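> Coordinates for the following, if possible.
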Amino acid sequence: MEVRPTLPSMKGNQRVLVCAVFRLAALWMSGTSPAMAQPSDNQAARFLAQATFGPNADLIAHVQQIGFEAFLEEQFALAASSYPNLPLQPTTMPTTCTGTCPRDNYSMYPLQVTFFKNALLGQDQLRQRVAFALQQILVASGLTVTQPSWMTPYLQIFDKNAFGNFRQLLQDITLNPAMGAYLNMAGNNKNSPNENYGREILQLFSIGVNELNPDGTTVTDSQGNPVPAYTQATVNAFSRVFTGWNFATAPMQGVPNYIDPMVLTPANHDGGAKTLLNGVTLPATSPVTAATANKDLNDALDNIFQHHNVGPFIGRNLIEHLVTSNPSPGYIARVTAAFNNNGSGVRGDLKAVIRAILLDPEARSMTPDAAFGHLQEPILFKVKLLRAFNTTAATTDFVLTDTYLPSELGMAQDLFRPPSVFNYYPPAFDLPGFGLNGPEFAIQSTSTALARVNFVGEVTYKTMSTSAPNRPMGTWLDLSSVTPLAASPSDLTSALNILLLHGRMSRDLIVTLYNALGSMPAASNLAKAQKAVYLIAGSPEFLIER
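The predicted structure is shown next:
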């Protein structure tokens, strides 16, 4: 006779968490491999850590019910949360702009708040996660593009194109006014071409500096030196392609048009011959017309898009942001193949790329090698913790970036204000002594490491300041879903192991939790739950997503 454990009366989220323990035990006892059955709790939680801004109990149960592939298709079909249009403001702040006006119209504040609302509450989790990754590859910064209304159309491009084609993304970004202002394509003139955008679209946005094999390894010459993907002459040629575009007609004097795509003035475009990548030459045109200048632009973007480096370069960057900083050559090659052909002969289909990244055996293995994973960047670290406990507007004001957090919580990632076109951190950062790439470690220091622990403490124990400027409430965790489990250290530890660590809690951390909870027998269940969450979320095991 089959004996089933009886579960106490509890809320839905609590039941999901506790049932997880019994389901895993049943699979183990029956000899069924979790990888061959419907996703286990831990498999679902791990998948969601890569495909969303973090799992919660409801999403874990949902993925278990429908599976990984169906979840992706479901996410592909959802409309974008995106960012609402904001009214354009004068370039010079008027003296009448007082109170919260500077914050709301001349800082990234409204966009930052919207980002955290979307990340925490939005249903289109995969789109938002991919858009955030793409923003860190094709970078513009609020340090230069200082008004939120100026940055909004730039951010909307990524929401719109996250599941589209990379060629269209290149087109939209190239003509975006925020990018035009940031990398000097706006106003670029044939009489003195600016090479900024011409260089960065090659170096950072599409192909990288060296020739690549399909598996992402660098092509070398007979002496073992990297083969450059382009030369300075190539940069100069692209710089001349990108001449003639500037802001569309301003809605009023002193208010530049950052909403509409940039427009062409044919007289300012260089109509001379231009030799691009792989020796492709755009012929000279005279006279220069809108048609010939736009053909130059489209042919140049096609030339970039068709370069064999785009698949491995963009694929690797997306893998690093979503899954692991050190993908194997085989993993990169499989993603490159999906970029090159989505199965229907289409190149650059980002849906196919995302499927390949998230469903790859290397991503889905529950026993990854020692080099697998990545340090969670600060924004992902914060949102993942908050989402685990269903944080809503009742427990946060969505003010979670460095500008508006107390200094002791600053983690060197001020949302939408990266310090350079290389992002908040470089795509390649060598971990000394390990021979591994660890991009996010470039902004990990003693102070930022302490800031992470401080953040965990303040949201867990509800001590975040509510008196700072622009901070009406602060943020804290609602632990009601796990507090009833705290009567049993085993139940609490098992539930949090799934929710926060997708089952990879080490024996040392388990012992630490049991000892800590055992030392407070008279404490309330809430106090025990807080202690457990604080110890787990402040541990290296939570910081490093594997």
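
> Identify the residues contacting the closest residue to Gly457 other than its chain neighbours.
Once flanking residues are discounted, Gly457 sits nearest to Tyr534: 6.1 Å by Cβ to Cβ, 6 or more residues apart in numbering. Backbone N, C-alpha and C define where each C-beta goes, glycine included. When the contact criterion is Cβ atoms under 8 Å, 6 or more residues apart in numbering, the partners of Tyr534 are Val456, Gly457, Thr460, Tyr461.

> From those, which land in helices?
Of the positions in the contacts of Tyr534, Val456, Gly457, Thr460, Tyr461 sit in helices, assigned by DSSP state H.

> Filter the contacts of Tyr534 down to the buried ones.
Neighbour counting with 16 or more other Cβ atoms under 10 Å marks Val456, Gly457, Thr460 as buried within those.

> so which of those comes closest to Arg347?
For these, the closest approach to Arg347 (Cβ to Cβ) belongs to Val456, at 43.6 Å.

> What ranges does this structure have for its strands?
Listed from the start of the chain, the chain has strands (DSSP state E) covering 245-246, 248-252, 255-257, 263-264, 274-275, 281-282, 374-375, 430-431, 436-437, 544-545.

> Would you mind telling me which of these is nearest Val113?
Shortest separation from Val113 across the strands of the chain is recorded for strand 255-257, at 23.4 Å, computed as Cβ to Cβ.

> helices or strands up against that closest one?
For strand 255-257, the elements it packs on are strand 248-252, judged by 3 or more Cβ pairs under 8 Å, 6 or more residues apart in numbering; DSSP states H and E.

> Buried residues of the strand it packs on, list them for me.
Ala248.

> who's in contact with the residue nearest to Ile207 when sequence neighbours are not counted?
Using Cβ to Cβ, 6+ apart and skipping the chain neighbours, the partner closest in space to Ile207 is Asn309 (3.7 Å). Shown here is Asn309, whose contacts under the criterion Cβ under 8 Å, 6+ apart are Ser206, Ile207, Gly208, Glu211, Leu212, Ala229.

> What's the separation between the spatially closest residue to the fourth one that is not a sequence neighbour and Ile379?
What it means is Glu211. Counting by Cβ to Cβ, 6+ apart, Val219 is the residue found nearest to Glu211 once chain neighbours are left out, at 3.8 Å. In this view, Val219 and Ile379 are 35 Å apart by Cβ to Cβ, to the nearest Å.

> Would you agree Phe339 is in contact with Gly348?
Yes. Shown here, Phe339 and Gly348 form a contact pair, counting by Cβ atoms under 8 Å, at 6.4 Å.

> Mind listing the shared neighbours of the two?
Common neighbours of Phe339 and Gly348 (Cβ under 8 Å, 6+ apart) are Phe166, Val310.

> Now Asn42. Nearest residue, chain neighbours left out?
Of all residues beyond its chain neighbours, the one nearest Asn42 is Gly503 (3.4 Å), with distances taken as Cβ to Cβ, 6+ apart.

> count of neighbours near the one you found?
Other residues lying near Gly503 total 18 when counted by other Cβ atoms under 10 Å.

> Might you report the residue contacts of it?
Taking Cβ under 8 Å, 6+ apart as the definition of contact, the neighbours of Gly503 are Leu24, Ser40, Asp41, Asn42, Ala45, Arg46, Met366, Asn497.

> what number of residues lie near Thr174?
The number of residues packed around Thr174, counting by other Cβ under 10 Å, is 24.

> any idea how far Asp215 is from it?
Separation of Thr174 from Asp215 (Cβ to Cβ): 28 Å.

> Show me which positions of stretch 188-197 end up buried.
Along stretch 188-197, these residues count as buried under the neighbour rule (16+ other Cβ under 10 Å): Asn188, Asn189, Pro193, Asn194, Glu195, Asn196, Tyr197.

> swap that for stretch 111-131, sorry
Of the residues in stretch 111-131, those with enough neighbours to count as buried (16+ other Cβ under 10 Å) are 111-116, 118-122, 124-131.

> same thing with stretch 508-515?
Of the residues in stretch 508-515, those buried by neighbour count under the rule 16+ other Cβ under 10 Å are Leu509, Thr512, Leu513.

> How much space separates the nearest residue to Thr292 once chain neighbours are set aside from Gly272?
Distances taken as Cβ to Cβ, 6+ apart place Thr285 nearest to Thr292, at 4.0 Å, with adjacent residues excluded. Distance from Thr285 to Gly272, counting by Cβ to Cβ: 8 Å.

> cool, and Pro283?
As it turns out, when the distance is counted by Cβ to Cβ, Pro283 lies 9 Å from Gly272.

> okay, now the domains of this protein?
As assigned by automatic domain parsing, the chain contains the domains 175-291, 311-364.

> among the ones you listed, which is the most enclosed?
When you average the neighbours per residue for each of the domains of the chain (mean count of other Cβ atoms under 10 Å), domain 311-364 leads with a mean of 21.
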